[in-house]
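Chemist: okay, here's the prediction I keep looking at, along with the sequence it came from:
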Amino acid sequence: MSQNPPEIAGGRRRGLCLAALLALLLALPAWPAAQAQGSRKAKQDAAEEKQRSQGSGQKKAKTMRNPRVAKALQETHELMDQGKDQEALAKLAALQLNRVDGYDKAMVLQYFGFVYFNLDRDDEAMAKFKEAIDLKELDETGQLRLEFNLAQLYMQAERYQDARQLLESWMARAPEVKPEHHYLLALAYYKLELFDKALEASLLSLQGEEPPKKGWLQLALALYIERDDYKNGATIAEQLAVLYPSKTHWLQLSAFYAQLERDDDALAVLQIAYRSGFLEEDREIRRLGRLFMNHDIPFRAAQVFTKALEEKKLEENAEAYELLAESWIFARELDKAIEPMRKAAELWKTGDLYVRLAQLHVERDDWKDAVAALDKAFEKDRLDARREGRAHLLLGVSHYNLKQITAAERAFRKASEFEDQREPASQWLKHLEVERNKGG
């Protein structure tokens with residue numbers, strides 16, 4: 001009887017917890033934890049293996065010698081298929097393993113391993129698999145399959161050195177090494193901080209005919225970040241963004257471009273993320289708006305900030321309204337800058353933004369509102385020393401244009417007390433004196 005046990009594959013009920021490989025935006029997904037499959041899958045594998053052996057002229061698969069053991073394993077298989085793992089374990093224990101040897105013993109040990117695995121007794125499962133492997137009684141295909149299963153369990157148990165050694169041995173003998181195998185070895189190297197080896201194996205995992213999986217690309221990206229290799233990292237980030245478009249991947253790619261001083265590309269990628277609806281957080285929207293400003297596209301920045309404030313995606317604080325006002329100012333839309341600057345001034349802890357609001361009114365020849373804004377600036381707790389003299393000068397100019405000469409003179413005299421405004425304030429005072437003499 002040729003008996004092939006259930007195979008461990010991806011998707012087990014307990015996920016493999018790996019430490020985050022990136023502090024940046026993304027963390028690597030765990031290597032899929034192993035899962036014990038039912039006997040139907042095992043029988044299918046056995047049939048395929050038999051067909052391959054017969055078709056290729058390879059040595060026939062080994063068969064079990066003891067009919068009693070073969071029958072017990074078949075019954076064990078059926079119990080596992082029904083989810084009766086405790087009964088399956090009892091069936092195996094009744095075989096008295098010390099009375100079984102050779103290929104039969106290796107098969108029994110495998111079944112012990114799979115039942116323990118189903119029962120979440122992973123240490124015992126690994127021990128039984130290791131015993132079966134060490135017997136070297138399985139045929140080549142079965143031996144390799146079990147070694148890879150055990151390597152997966154070692155990874156799940158965070159026994160990375162054991163996983164590394166087993167995988168290296170396995171890959172040296174396996175007839176076909178697939179990208180997922182290179183990825184698993186790369187992950188083991190990474191956990192052992194063997195970063196050069198990890199990168200080499202990781203890049204091999206990306207060379208298959210099919211598009212690489214997201215986790216494989218993320219591991220390569222983490223390794224390039226580890227080496228501060230942002231140029232190659234950007235190449236990987238591009239693949240992630242194209243193959244697996246998501247907020248994280250677009251933001252990550254934009255950050256790489258910014259690191260490489262590819263500012264136009266950084267903005268272009270961030271716009272894609274914005275149009276795709278991925279930018280929802282305050283800091284993300286502010287970054288996009290600032291990039292528009294840095295690229296001399298203030299009108300687009302103003303549109304982004306306006307929409308975000310309306311949709312409550314930007315916190316309604318002084319900084320947000322000031323950013324919006326600045327955008328309109330640089331877009332030469334002073335009328336549209338007034339209201340957000342007024343809101344920013346109201347929310348700001350000092351009177352400094354009221355001074356900026358007054359400047360906007362002055363530039364629009366709106367002298368009355370300029371005076372009102374400056375009065376509010378002085379009502380606040382304090383003004384920045386660099387702006388206080390300027391505020392008095394603007395107040396004087398505004399009063400002058402309202403023909404409030406006494407108030408203007410008082411403001412200019414106050415402005416002259418500040419070194420940075422002394423000269424213009426003195427000139428205005430002389431001008432007032434000349435006008436007074438003419439009128440006299």
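Modeler: Looks like it came in fine.

Chemist: can I assume Thr350 sits in a helix?
Modeler: No. Thr350 sits outside any helix when classified using DSSP: H, G, I helix; E, B strand; the rest coil, being coil.

Chemist: hmm, Glu388 and it touching each other?
Modeler: No. With contact defined as Cβ atoms under 8 Å, Thr350 does not reach Glu388; the gap is 10.3 Å. No exception for glycine: its C-beta is placed from N, CA and C like everyone else's.

Chemist: these two: who's more crowded?
Modeler: Taking neighbours as other Cβ atoms under 10 Å, Thr350 and Glu388 compare with Glu388 leading, 22 against 16.

Chemist: just give the nearest non-adjacent residue to the more buried one, would you?
Modeler: Distances taken as Cβ to Cβ, 6 or more residues apart in numbering place Phe418 nearest to Glu388, at 6.5 Å, with adjacent residues excluded.

Chemist: ok, Ser205 - contacts?
Modeler: Ser205 is in contact with Pro179, Glu180, His182, Tyr183, Ala186, Pro212, Trp216, Leu219, Ala220, counting by Cβ atoms under 8 Å, 6 or more residues apart in numbering.

Chemist: at 10 Å what do you get?
Modeler: Ser205 sits next to 178-187, 212-213, 215-217, 219-220 when contact means Cβ atoms under 10 Å, 6 or more residues apart in numbering.

Chemist: Asp162 too?
Modeler: Asp162 makes contact with Met126, Lys130, Leu150, Ala151, Leu153, Tyr154, Met155, Ala188, according to Cβ under 10 Å, 6+ apart.

Chemist: what's near enough to touch the fourth one?
Modeler: Just to be clear, that refers to Ala151. Shown in contact with Ala151 (Cβ under 10 Å, 6+ apart): 8, 34, 129, 159, 162-171, 181, 184-185, 188.

Chemist: residues in contact with Leu150?
Modeler: With contacts defined as Cβ under 10 Å, 6+ apart, the neighbours of Leu150 are 8, 34, 113, 125-130, 132-133, 159, 162-163, 166-167, 170.

Chemist: state the mean pLDDT of stretch 110-128.
Modeler: Across stretch 110-128, the average pLDDT comes to 94.

Chemist: what are the buried residues along it?
Modeler: Residues 110-118, 121-122, 125-128 are the ones in stretch 110-128 that count as buried (16 or more other Cβ atoms under 10 Å).

Chemist: for it, how far is the first residue from the last?
Modeler: End-to-end distance for stretch 110-128: 7 Å, by Cα to Cα, to the nearest Å.

Chemist: rewinding a little: show me which of the contacts of Ala151 are buried.
Modeler: Listed as buried from the contacts of Ala151 are 8, 34, 129, 159, 162-164, 166-167, 170-171, 181, 184-185, 188; burial here means 16+ other Cβ under 10 Å.

Chemist: which residues of the chain fall in strands?
Modeler: Here the chain has its strands, by DSSP state E, at 8-10, 34-36.

Chemist: by mean pLDDT, show me the worst of the ones you listed.
Modeler: If you rank these by mean pLDDT, strand 34-36 sits at the bottom with a mean of 34.

Chemist: contacting residues around Tyr400?
Modeler: By Cβ under 10 Å, 6+ apart, the contact list for Tyr400 reads Trp367, Ala407, Ala408, Glu409, Ala411, Phe412, Trp428, His431, Leu432, Glu435.

Chemist: state the distance from it to Arg390.
Modeler: Using Cβ to Cβ, to the nearest Å, Tyr400 is found at 16 Å from Arg390.

Chemist: re earlier: between the buried residues of stretch 110-128, which is closest to Arg332?
Modeler: Nearest to Arg332 among the buried residues of stretch 110-128, counting by Cβ to Cβ, is Asp122 at 67.9 Å.

Chemist: where in the stretch 51-200 of the chain is pLDDT low?
Modeler: Filtered on pLDDT under 70, the stretch 51-200 of the chain yields the residue ranges 51-61.

Chemist: all helices of it, in order?
Modeler: Ranges of helices in the stretch 51-200 of the chain, per DSSP state H, counting those that start in this stretch, are 67-81, 85-93, 102-118, 122-135, 140-156, 160-173, 179-191, 195-205.
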